[in-house]
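# Sequence and predicted structure below; questions after.
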Amino acid sequence: MRNTLIAANLGIALTGCAGLSHDSVKLASESAGVGAIKSIEFSGNGRWFQFGQAPAPDLPWPPFAVKTYSANINFDTASARVQIARSQVVEPGRNRPAPIEQKVDQYVNGSVAWSVAPPAANAAAPTITAQPAAVEERAAEIWATPQGFLKAALAQNAKTETVGGTEQVSFQLGGKYRYVGTLNDRHQLVKVQTWIDNPVLGDTLVETRYSGYKDFGGVQFPAHIERSQGGFPVLDLNVGSVKVNPTVDLPVPAEAAKAPAQTVTCTKLADGVFYLTGGTHHSVAIEQLNHIVLVESPLNEERSLALIAKLQEVVPNKPIKYLINTHAHFDHSGGLRTFVDAGATIVTHNPNQAYYESIWAKPHGLNPDRLEKSKKPAKFDSFSGKHVLSDGKRSIEIHSLDGNSHNDAFVAVYLPAEKILIEADAYTPAAANAPAPTSPNPYSVNLYENIRKLNLNVERIAALHGPRVVTLADLKAAIGQTQAAR
């Protein structure tokens, strides 16, 4: 398993002391009450930001208002539960869906991460979803807390040095995860930096800043926590309460213990057009005379390798020459590097090329992927407006979705001969016979407006999220335009 940041990997119990590199670590630990703390709970409110979902490459992650935030951490078992009630903030100039409260319940225990959602319709038990890709980030949140960091620093015989009048404490966990903390002159931890893997950004800095330390019922803890990831904020929390040594018992459910297999199901939409589904994110493969054009490489390398294997089975002896990327959100671009290594040309909206070139040049050493090992240069076919890939027999049209607030460099793919539109995130069809939404999603309204403006004769829509291929009539019904002209 790729994620190994667990307590057992530290080599010794975190509550023990393997020797002190500097008195400052001891003083900070005493001030924070580390020796007496086995678990902690803190809660508050503020803002959370959706990592990897910036509406443009140079913009920050979109903000959410956090009504409640609660973290329960057991340091002895390297486990944690975080519960958040949040709703997206309306940003000036962006027409987003009406904010609704989202309730998040996420967990980590050693090398296993999962989430819990309320029971689905007609189900008695809550829905448990394995989230193996979240282990590194959630483990880093444990060991970046003031008490967690100092426990690990003691256990790892951390190195300390004076830098600019402050004490800098550094150590390594799990053989590869580096932590660097800063202590102020009152022996308080004010900053922690660590690096975790991300399929898009590679070795990604996670920086947490602490301020406003005060006494919370006998324990010193910061009243303000700011965390950034990938250069932009991901959390801004005002701490309202702290509890020491609550019971935090988080056994791993059977559904979370085994990561879901990468399955790709192939459905033929037309001659040479294949809908590749499985899990939450889909792709479409389009056969041309001497090669394959693939629309979307979502999530990560594991998904991309599964797509490649399926296409070798379905369309043998043809290379994947082009990979069309709908937009730069991380869940839709996390598998691109695998196709660069496989020799495909990345077809993307023009603003994305410079972004990909910049981030792909950064180290991917924590979890080296195929491109990190091969160092192959990326090939791009970037464009604005409309772009056509043709082999003389089949044309594939790629159209910018102008004015869509979901993303500023956003495209959909149209097959004129088959009258099929391929799109991601602008419209996610509901299950068959599900009631129409009470208010139309502005992204979907914009998609329909673009279809009309571009005069696309769409009969079917292969959405890259959702349970099924639908018709234009389904889109019109979803936006309340059943009586509108085509």
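All right, it came through fine.

# ok, which stretches of the stretch 251-400 of the chain are strands?
Assigned by DSSP state E, counting those that start in this stretch, the stretch 251-400 of the chain shows strands spanning 265-270, 273-277, 283-287, 292-295, 320-324, 345-349, 379-383, 386-390, 395-400.

# do you know which of those strands lies nearest Val206?
When the strands of the stretch 251-400 of the chain are compared by Cβ to Cβ, strand 345-349 sits nearest Val206, at 27.1 Å. For the C-beta atoms, the positions are set from N, CA and C on the backbone; glycine is no exception.

# pLDDT on that closest one, on average?
Strand 345-349 comes out with an average pLDDT of 98.

# the inter-axis angle of it versus strand 379-383?
In terms of direction (axes from the mean of the first three to the mean of the last three Cα atoms, to 10 degrees), strand 345-349 departs from strand 379-383 by 20 degrees.

# could you check the angle strand 320-324 makes with strand 345-349?
20 degrees.

# okay, now the domains of the chain?
7-246, 265-478 (automatic domain parsing).

# chain center to the longest helix seen in the chain: distance?
Longest helix in the chain by number of residues (criterion: DSSP state H): helix 301-314. Centroid separation between helix 301-314 and its chain, computed with Cα atoms, centre = their mean, to the nearest Å, is 21 Å.

# Show residues contacting that helix.
Identification of contacts with helix 301-314 by Cβ atoms under 8 Å, 6 or more residues apart in numbering yields 199, 262-264, 266, 274, 276, 278-279, 281, 283, 285, 292, 294, 297, 320, 334-335, 337-339, 342, 369-370.

# ok so, going back, could you dump the strands of the stretch 251-400 of the chain into JSON lines and include distance to Trp61 and mean neighbour count?
Formatted as JSON lines, the strands of the stretch 251-400 of the chain follow (distance: least, Cβ to Cβ, whole Å; neighbours: other Cβ atoms under 10 Å):
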{"stretch": "strand 265-270", "distance to Trp61": "32", "mean neighbour count": "14"}
{"stretch": "strand 273-277", "distance to Trp61": "28", "mean neighbour count": "22"}
{"stretch": "strand 283-287", "distance to Trp61": "25", "mean neighbour count": "24"}
{"stretch": "strand 292-295", "distance to Trp61": "25", "mean neighbour count": "24"}
{"stretch": "strand 320-324", "distance to Trp61": "25", "mean neighbour count": "23"}
{"stretch": "strand 345-349", "distance to Trp61": "20", "mean neighbour count": "23"}
{"stretch": "strand 379-383", "distance to Trp61": "24", "mean neighbour count": "16"}
{"stretch": "strand 386-390", "distance to Trp61": "28", "mean neighbour count": "15"}
{"stretch": "strand 395-400", "distance to Trp61": "23", "mean neighbour count": "20"}
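
# Redo those strands as CSV? Include distance to Asn441.
Formatted as CSV, the strands of the stretch 251-400 of the chain follow (distance: least, Cβ to Cβ, whole Å):
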stretch, distance to Asn441
strand 265-270, 24
strand 273-277, 21
strand 283-287, 22
strand 292-295, 21
strand 320-324, 23
strand 345-349, 21
strand 379-383, 27
strand 386-390, 24
strand 395-400, 19
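
# Let me see the contact set for Leu237.
44-47, 66, 69, 224-226.

# Could you confirm it falls within a strand?
Yes - Leu237: assigned to a strand according to DSSP: H, G, I helix; E, B strand; the rest coil.

# how close does it get to Gly44?
5 Å (Cβ to Cβ, to the nearest Å).

# How about Asn433?
In terms of Cβ to Cβ, Asn433 sits 42 Å off from Gly44.
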